[in-house]
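> Next one to model:
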Amino acid sequence: MQFQEDSSKAWWAACAVWAALCASAFVALGGAEDPSRPRGRISPYQAEIAALEHLRAVDASAYARFETVDAAIYRDPVTDRRVWLVLCDGEVPTRLARAVVVEIDAESGKVIRTRRPGGVPGTGEGAR
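Here you go, the predicted structure:
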């Protein structure tokens, strides 16, 4: 019986040490950069917000009930810059009938252009 009590105490002590180690690592790494996103690039979430703000600034009534569907990073072969392609559609999905793609510069967060989906990025196809 003594062995079980000693094992149980050791297990709880190990759990407490592990919890303290995890808590200290969490606090120490709280302000660290996200290694999955290279320095100088806005996040997909920021790109989605910028796209919706741009659409509502262009025509508040037409794009009032639009949401973002997806955001994907793309490297423009002509300029070699990274661009966020943000697909936006109505709150009630329209199967791309009213959808638009907002292209946003990944470094500055500025809107490059708005176009209909289906065109090839950087070629002007589908541009509005």
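> Do you have the strands of this structure handy? List them.
66-75, 82-90, 100-105, 111-115 (DSSP state E).
> pull the CA atoms of the second one into CSV?
Right, strand 82-90. Output of strand 82-90 as CSV, limited to C-alpha atoms (Å, rounded to 0.1, in the frame of the first residue of the first chain):
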residue,chain,number,x,y,z
ARG,A,82,2.4,39.0,-52.0
VAL,A,83,-1.3,39.7,-52.2
TRP,A,84,-4.2,38.6,-50.1
LEU,A,85,-7.2,37.4,-52.2
VAL,A,86,-10.3,37.8,-50.0
LEU,A,87,-13.5,36.3,-51.3
CYS,A,88,-16.6,38.0,-50.1
ASP,A,89,-20.2,37.0,-50.7
GLY,A,90,-23.7,37.8,-49.3
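> With adjacent residues omitted, what lies nearest to Val111?
His54 (4.6 Å; C-beta to C-beta, 6 or more residues apart in numbering). In this view, the C-beta of every residue, glycine as well, is placed from N, C-alpha and C.
> From Val101, how far off is Ala72?
In this view, Ala72 and Val101 are 10 Å apart by C-beta to C-beta, to the nearest Å.
> Show me which of the two is the more surrounded one.
Legend: neighbour count by other C-beta atoms under 10 Å for Ala72 and Val101, higher for Val101 (24 against 13).
> what residues are up against the more buried one?
Leu85, Val86, Leu87, Cys88, Thr114, Arg115, Arg116, Pro117, Gly119, Gly126 (C-beta atoms under 8 Å, 6 or more residues apart in numbering).
> what about the helices in the protein?
2-28, 44-58 (DSSP state H).
> what's the closest of the ones you listed to Asp34?
Go through these one by one with C-beta to C-beta and the one that ends up closest to Asp34 is helix 44-58, at 11.5 Å.
> How about residues contacting the closest one?
Applying C-beta under 8 Å, 6+ apart, the contact partners of helix 44-58 are 42, 63-64, 66-68, 71, 73, 84, 86, 88, 100, 102, 104, 106, 109, 111, 114.
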